[in-house]
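1. Sequence unavailable; structure follows:
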């Protein structure tokens, strides 16, 4: 069996040199040992488990709350003093039941305006619809008038007055409005897809941002701690430094993917249990693409985080040298929340940013299959290149004690 390479620290503080070390037959690859260690250590961490459970509870609670609010019925009681007011509220009630099926309007007749307003003041009614002597209508509430109440009553009042004026002119409201219908259409996609893309954009962006920060910082802090405690020097005598890097990257990538799958599964389960899964069929394919793009994007970020950890001499140094990776993460967040049109198209081919931008594009409008595949190839090429570059910097910098290193200084160090 051929030997693997390990790094041994030079007594003068130079970067490690390489010498062959033979592994006994049947021994697991070093990178796999490190990967398993990263996963097991994180999985046993109480803080990580608690934060994951809290997030799961919040996701399920959010879905349940939205379902409750969507299905919650509203009953409005409106005081009136005339038959005209009753007719307006009756129209509002018919429209409310037709639109949502759970919004009702009840008209209660008072003897005079003062009596109607008194019912509103004592909160026995939500509002009073009164007509002044000059024909002006007023909708009065106690402290405020509900937006839903005001909008529906306003539309119903328009319809009622239109019918009354049309009848006086010897025609009907429908005849007067003939030819005024306006429908909306899109050359690409649909209004429903745009709404879905907006919702998914927020979800994908939030999950990407959260996972990138949590697991990226975990990689960087782990590298810094091993460097501070000189544990890395002990590890370097047993396994190649590059395999230590690969294990850390793969371990935290696996954790991030599992956590995302848990969050997505919890959300889909909650949607199905609350009967609000009308658009889930459209979200699932995009979610699958998001997981694939996230994998490649996170590999890039993980390599950068590991390099930043190797350049730092203490955890505080990460605050100052993490600006580049944070810029990438914020760019992905911006693309998911605000990018549209040609900007979204361009962002869908930029590595890391494409992790969020391309799945949103696929929800928003028709996308040819070659486009996400090309974006994945670009992201994979960037991941391989950055992992290769990160390995070189990591091997040079991780064994250096003392102050923090700059990227230029790290590249000048001997291997």
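-> Cool, got the structure. Being a predicted model, the structure only gives us computed values, none of them experimental. Residues are numbered from 1 along each chain as shown.
2. switch to C-alpha atoms for all contacts and neighbour counts from now on
-> OK.
3. buried set for the longest helix along the chain?
-> Residue-count comparison of every helix in the chain, with assignments taken from DSSP state H, identifies helix 191-228 as the longest. Along helix 191-228, these residues count as buried under the neighbour rule (16 or more other C-alpha atoms under 10 Å): 193-194, 196-198, 200-209, 211-213, 215-228.
4. which is the next helix or strand following it?
-> On the C-terminal side of helix 191-228, the closest following helix or strand by DSSP states H and E is helix 231-236.
5. Any figure for the gap between residue 233 and residue 223?
-> Counting by C-alpha to C-alpha, to the nearest Å, the gap between residue 233 and residue 223 amounts to 12 Å.
6. residue boundaries of the strands in the chain?
-> Using DSSP state E, the strands of the chain run over 4-8, 17-21, 74-80, 103-109, 127-131, 137-140.
7. where does the protein dip in pLDDT?
-> Along the chain, the model assigns pLDDT under 70 to residues 1-27, 67, 69-73, 99-101, 184-197, 274-282, 398-415.
8. separation between whatever residue is furthest in space from the centre of the chain and residue 178?
-> With distances taken as C-alpha atoms, centre = their mean, the residue sitting farthest from the centre of the chain turns out to be residue 170, at 56.5 Å. With the distance defined as C-alpha to C-alpha, residue 170 ends up 15 Å from residue 178.
9. just residue 221 next, same as before
-> Counting by C-alpha to C-alpha, the gap between residue 221 and residue 178 amounts to 69 Å.
10. do residue 55 as well
-> Distance, residue 55 to residue 178, by C-alpha to C-alpha: 53 Å.
11. With residue 295 instead?
-> When distances are taken as C-alpha to C-alpha, residue 295 and residue 178 turn out to be 55 Å apart.
12. Neighbour count for the two, which is higher?
-> Neighbours were counted for residue 295 and for residue 178 using other C-alpha atoms under 10 Å; residue 295 has more, 20 against 8.
13. Please verify my assumption that the more buried one contacts residue 253.
-> Yes - here residue 295 lies in contact with residue 253, judged by C-alpha atoms under 8 Å, at a distance of 7.2 Å.
14. if you skip the residues just before and after it, what's nearest to residue 306?
-> Closest residue to residue 306 in three dimensions, ignoring its sequence neighbours and counting by C-alpha to C-alpha, 6 or more residues apart in numbering: residue 220, at 5.1 Å.
15. my guess is the one you found meets residue 309, correct?
-> Yes - under the contact definition of C-alpha under 8 Å, residue 220 touches residue 309, with a separation of 4.2 Å.
16. Between the two, which contacts overlap?
-> With contacts taken as C-alpha atoms under 8 Å, 6 or more residues apart in numbering, residue 220 and residue 309 have residue 318 as neighbours in common.
17. Break the chain into its domains for me.
-> Taking automatic domain parsing as the domain assignment, the ranges for the chain are 23-66+190-412, 75-168.
18. out of those, nearest to residue 174?
-> Proximity of these to residue 174 was assessed by C-alpha to C-alpha; the nearest stretch is domain 75-168, lying at 8.2 Å.
19. Quick one: end-to-end distance for the closest one.
-> According to C-alpha to C-alpha, domain 75-168 extends 33 Å from its N-terminal end residue to its C-terminal end residue.
20. ditto for stretch 121-136
-> The distance separating the two terminal residues of stretch 121-136, taken as C-alpha to C-alpha, comes to 21 Å.
21. Please enumerate residues in contact with that stretch?
-> For stretch 121-136, using C-alpha under 8 Å, 6+ apart, the contacting residues are 76-81, 85, 113, 116-117, 119-120, 137-142, 145.
22. If any of those are buried, give me the PyMOL selection for them.
-> A single PyMOL command suffices to select whichever of the contacts of stretch 121-136 are buried according to 16+ other C-alpha under 10 Å:
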select buried, resi 76+77+78+79+80+81+85+113+116+117+119+120+139+140+141+142
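23. which ones are touching the nearest residue to residue 87 once chain neighbours are set aside?
-> Closest residue in space to residue 87, ignoring its immediate chain neighbours: residue 160 at 7.6 Å, by C-alpha to C-alpha, 6+ apart. Neighbouring residues of residue 160 by C-alpha under 8 Å, 6+ apart: 87, 88, 91.
24. With neighbour count and distance to residue 321 as extra columns, can I get those in CSV?
-> Converted to CSV, the contacts of residue 160 look like this (neighbours: other C-alpha atoms under 10 Å; distance: C-alpha to C-alpha, whole Å):
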residue, neighbour count, distance to residue 321
87, 16, 68
88, 23, 65
91, 18, 64
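25. Tell me the one of the residues you listed nearest residue 373?
-> Compare each of those with residue 373 using C-alpha to C-alpha and the shortest gap goes to residue 91, at 53.4 Å.
26. From residue 157, how far off is that closest one?
-> When distances are taken as C-alpha to C-alpha, residue 91 and residue 157 turn out to be 8 Å apart.
27. how close does the residue nearest to residue 111 when sequence neighbours are not counted sit to residue 33?
-> With C-alpha to C-alpha, 6+ apart as the measure, residue 81 is the residue that lies nearest to residue 111, at 6.3 Å, once sequence neighbours are left out. As for residue 81, its distance to residue 33 is 81 Å (criterion: C-alpha to C-alpha).
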